[in-house]
Structure formats: structure tokens, C-alpha cells
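[1] just coords:
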């Protein structure tokens with residue numbers, strides 16, 4: 001019995017937790033750090049955050065690649081990309097299927113569409 005315990009102690013492996021931090025790609029910002037400059041941007045951003053929270057998504061897991069007003073449709077859009085799109089470690093699950101464009105309607109004051117890209 002004593003030999004078994006010694007053997008287990010010698011064979012034990014130290015468990016090491018490692019947080020994978022991926023730097024933000026050029027031209028993008030963290031979605032949560034977006035700073036609206038106009039009232040429309042502010043309302044659109046709040047509606048986009050609410051939409052993602054309702055879908056039980058973590059806002060810290062998204063980059064903002066592009067945003068702006070589409071003059072033809074009158075919808076404000078946010079092109080968001082999931083952080084796993086730029087994963088460097090195969091241990092991180094690829095969730096790039098969550099990339100897409102959120103469309104906000106000022107008339108309805110909510111996100112009206114989400115198109116995957």
C-alpha cells in the first residue's frame with residue numbers, strides 16, 4: 001500500500017490553468033468598448049447589447065468590425081465577429097458561425113435582423 005501511494009505521488013501531474021488571450025485584430029475594437037457619439041448610435045448600441053444578452057451571448061466575446069447607417073434601408077448596422085474567429089489555439093472552440101451583422105431600426109427601437117456572415 002505504501003508503494004502505491006508513493007507511486008501515485010510521483011506520477012501526479014500538476015494541473016495548470018491557462019487563459020488564452022488573443023490580441024484584438026487591426027481595425028477592430030472590443031464590442032463592449034464602443035463609444036457612441038450620437039443619440040442614434042447610443043440607442044442602436046443599447047439595442048444590440050440587449051439583443052445579444054437575450055441570446056445569452058457574452059459581450060466580451062465579440063469584436064466590432066464595422067458600424068454605420070445604411071441610407072438605403074434606414075437601418076443602423078453593427079458587423080460583429082466572435083473572438084474565436086482569430087483563435088491561435090486549437091483547444092478553443094471555433095464559433096465563427098456567430099459572426100454577422102445586426103440591423104437596428106430607429107422606428108421600432110430594436111434589432112430587427114441578424115445576418116450571419
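    Arrived safely, thanks for sending. Just so it is clear, the model here is predicted, and its values are computed rather than measured.
[2] just the helices in this protein please.
    2-11, 39-54 (DSSP state H).
[3] let's have the ones you listed in JSON lines, adding mean pLDDT.
    As requested, these are exported to JSON lines (pLDDT from 0 to 100):
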{"stretch": "helix 2-11", "mean pLDDT": "67"}
{"stretch": "helix 39-54", "mean pLDDT": "94"}
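[4] next, format these as TSV and append mean neighbour count.
    For glycine as for every other residue, the C-beta is placed from the backbone atoms N, C-alpha and C. Output for these, formatted as TSV (neighbours: other Cβ atoms under 10 Å):
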stretch	mean neighbour count
helix 2-11	8
helix 39-54	17
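[5] turn the ones you listed into JSON lines, columns for distance to residue 25.
    Listed next are those as JSON lines, based on distance: least, Cβ to Cβ, whole Å:
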{"stretch": "helix 2-11", "distance to residue 25": "42"}
{"stretch": "helix 39-54", "distance to residue 25": "20"}
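[6] so which of the ones you listed is nearest residue 94?
    Shortest distance between residue 94 and those, using Cβ to Cβ, is found for helix 39-54: 18.9 Å.
[7] please name every helix or strand in contact with the closest one.
    Where contact means 3 or more Cβ pairs under 8 Å, 6 or more residues apart in numbering; DSSP states H and E, helix 39-54 is packed against strand 62-70, strand 75-82, strand 100-105, strand 110-116.
[8] which non-adjacent residue is nearest the residue nearest the centre of the chain?
    Centroid-nearest residue in the chain: residue 62, 1.9 Å away (criterion: Cα atoms, centre = their mean). Nearest residue to residue 62, sequence neighbours excluded (Cβ to Cβ, 6 or more residues apart in numbering): residue 31, at 3.9 Å.
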